[in-house]
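A.B. asks: Sharing a model that was predicted from the sequence below.
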Amino acid sequence: MENDEKRMTFTEHLGELRTRIIRSFMALFVAVILCYALSNVIFEQIARPLKPLDERGMIAPPEKAPDGGVPGAPAAAEAPAPGAKKPGRSMEWTVLNPIEFVVVQFKIAGYGGFLLALPFILYQIMAFVFPGLLPNERRVVQILVGGCSILGIVGVGVAYFGVFPLVLPYLLEWTPEWVQIQLRITETLNIIVKLLVGFAIAFQFPMVVLVLVYMGLLTPQSLREYRKFAIVIMAVAAAILTPPDVFSMSVMLLPLVILYEASIWASYLVLRRKKKNEEAAAAETP
C-alpha cells in the first residue's frame, strides 16, 4: 500500500512535469511565430546601435539607377558646392545568396522567441521545483533568479546603449579609404547578438561571487587580497568578449571592476545574513 502511494505520487509528479513542459513549448512556439512576423522590426531595433554610422553617411541604401541607365549603376557624381561638407563613405547592407535574409529572419525569430518566452519558462520551472524546497532555499533561488535577470538586463543595456554606438563607428574609421565597406546582414547580426550575450554573461560575475561567499568558498578578505588577479582575469574576459581594440575592452572592463568592488561590499551583507540565519536556527533547536 505504501509503495502504491509512492508510485502514485511519482506519477503525479511526472504528470505535472509533462504539463509544464508542454506549456513551456507552447509559449516558445507562440513567441517564435510572433517574433518571425515582426522580424523586420526587430532587426531594425537590433541594428539601432549602428545609427551613428547612418548619421555619418556610412550606411546608405543602394543608389537608384539614373533614367535610361543600367539598373544598379550609380548616378553621375555632382561636384560639391564650395565650402560644402564632404559626403561620408558609402556603406550598404548586403546578402550573398537568395535565402540569406530568410535565414536571418529565422534566427531573429529563434533568439527573440526564446528571450520573450524565457520569463514564462522560468516560472514553470520554479513552480515545479519550489514545492520541494525549504523556505530559505526558495528565498535563495528567488534572489539568484532575480539578481541574474537584473544584471543580465543591465549588461545588455550597457552594450546596446553605451558600447555599440561608441565602438562600432570607432572601429570602422580605421578602415582605409580605398576599402569599400559592406555590412553582411548575417555576420553583423551574429556579432551583435554574441556581444549582447557576452555582456549579459559578464555581468553575472557579482552573483557568482556572492554564491561562492555564501558557500564559504570565498570571503570578503580574500576578495580584497586577490583584487589585482581578478582585474587581470576580467581584462582577459573583456578582451575576448569585445572587438580587438583597447577602447572597447576598456568600456567593458570599467563596469566589471565597479561590479567587483560592489560584490565585496555585498559579500559582507551576505555573511551577516547567513550568520543571523544560523543563529536563528540554533535558537530554535532544542
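C.D. replies: Arrived safely, thanks for sending. Numbering: from 1, shown residues only.
A.B. asks: Phi and psi next, for L183.
C.D. replies: phi -100, psi 110 (degrees, to the nearest 10).
A.B. asks: Leaving out chain neighbours, which residue sits closest to it?
C.D. replies: Setting aside the residues directly before and after it, L183 is nearest to W93 in space (Cβ to Cβ, 6 or more residues apart in numbering), at 5.4 Å. Bear in mind the C-beta positions are built from the backbone N, C-alpha and C, glycine included.
A.B. asks: Secondary structure class of the one you found, three-state.
C.D. replies: What DSSP: H, G, I helix; E, B strand; the rest coil gives for W93 is strand.
A.B. asks: before we move on, what about Q182?
C.D. replies: Secondary structure, three-state DSSP: Q182 is strand.
A.B. asks: Could you tell me how far it is located from T94?
C.D. replies: The gap separating Q182 from T94 is 5 Å, by Cβ to Cβ, to the nearest Å.
A.B. asks: Show me the helices in the stretch 51-200 of the chain, by range?
C.D. replies: Along the stretch 51-200 of the chain, counting by DSSP state H, counting those that start in this stretch, helices occupy 51-55, 100-129, 135-157, 164-172, 185-202.
A.B. asks: Packing partners of the third one?
C.D. replies: Which is helix 135-157. helix 100-129, helix 185-202, helix 205-214, helix 246-284 (3 or more Cβ pairs under 8 Å, 6 or more residues apart in numbering; DSSP states H and E).
A.B. asks: In contact with P255, which residues?
C.D. replies: 155, 158, 203 (Cβ atoms under 8 Å, 6 or more residues apart in numbering).
A.B. asks: Quick check, the second one in contact with A200.
C.D. replies: Meaning V158. No - contact between V158 and A200 fails when scored by Cβ atoms under 8 Å: they sit 9.7 Å apart.
A.B. asks: And for the closest residue to V211 other than its chain neighbours, the neighbour number?
C.D. replies: Leaving out its chain neighbours, the residue that sits closest to V211 by Cβ to Cβ, 6+ apart is L144, at 7.3 Å. Taking other Cβ atoms under 10 Å as the neighbour definition, L144 ends up with a count of 14.
A.B. asks: L144 and F164, how far apart?
C.D. replies: Separation of L144 from F164 (Cβ to Cβ): 28 Å.
A.B. asks: K276 too?
C.D. replies: Taken as Cβ to Cβ, the span from K276 to F164 is 43 Å.
A.B. asks: I'd say I46 and L189 touch.
C.D. replies: Yes - if you go by Cβ under 8 Å, I46 and L189 touch, sitting 6.6 Å apart.
A.B. asks: what's the overlap in contacts for these two?
C.D. replies: In contact with both I46 and L189: I108, using Cβ under 8 Å, 6+ apart.
A.B. asks: Could you dump the contacts of P255 into JSON lines and include pLDDT, distance to R227 and neighbour count?
C.D. replies: Below are the contacts of P255 laid out as JSON lines (pLDDT from 0 to 100; distance: Cβ to Cβ, whole Å; neighbours: other Cβ atoms under 10 Å):
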{"residue": "G155", "pLDDT": "86", "distance to R227": "21", "neighbour count": "24"}
{"residue": "V158", "pLDDT": "84", "distance to R227": "22", "neighbour count": "20"}
{"residue": "F203", "pLDDT": "84", "distance to R227": "18", "neighbour count": "24"}
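A.B. asks: Let's have those residues in a markdown table, adding distance to S149.
C.D. replies: Below are these laid out as a markdown table (distance: Cβ to Cβ, whole Å):
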| residue | distance to S149 |
| --- | --- |
| G155 | 11 |
| V158 | 15 |
| F203 | 11 |
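A.B. asks: Pipe the helices of the stretch 51-200 of the chain into CSV and attach distance to E16 per row.
C.D. replies: Shown next, in CSV, are the helices of the stretch 51-200 of the chain (distance: least, Cβ to Cβ, whole Å):
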stretch, distance to E16
helix 51-55, 47
helix 100-129, 6
helix 135-157, 17
helix 164-172, 43
helix 185-202, 31
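A.B. asks: Pick out the shakiest of those helices, pLDDT-wise.
C.D. replies: Mean pLDDT per stretch puts helix 51-55 lowest among these, at a mean of 64.
A.B. asks: more neighbours, K276 and F164?
C.D. replies: For the pair K276 and F164, the greater number of neighbours falls to F164 (24 against 10), based on other Cβ under 10 Å.
A.B. asks: Was I right to think that one contacts K51?
C.D. replies: No - look at F164 against K51 with Cβ under 8 Å: they stay out of range, at 9.6 Å.
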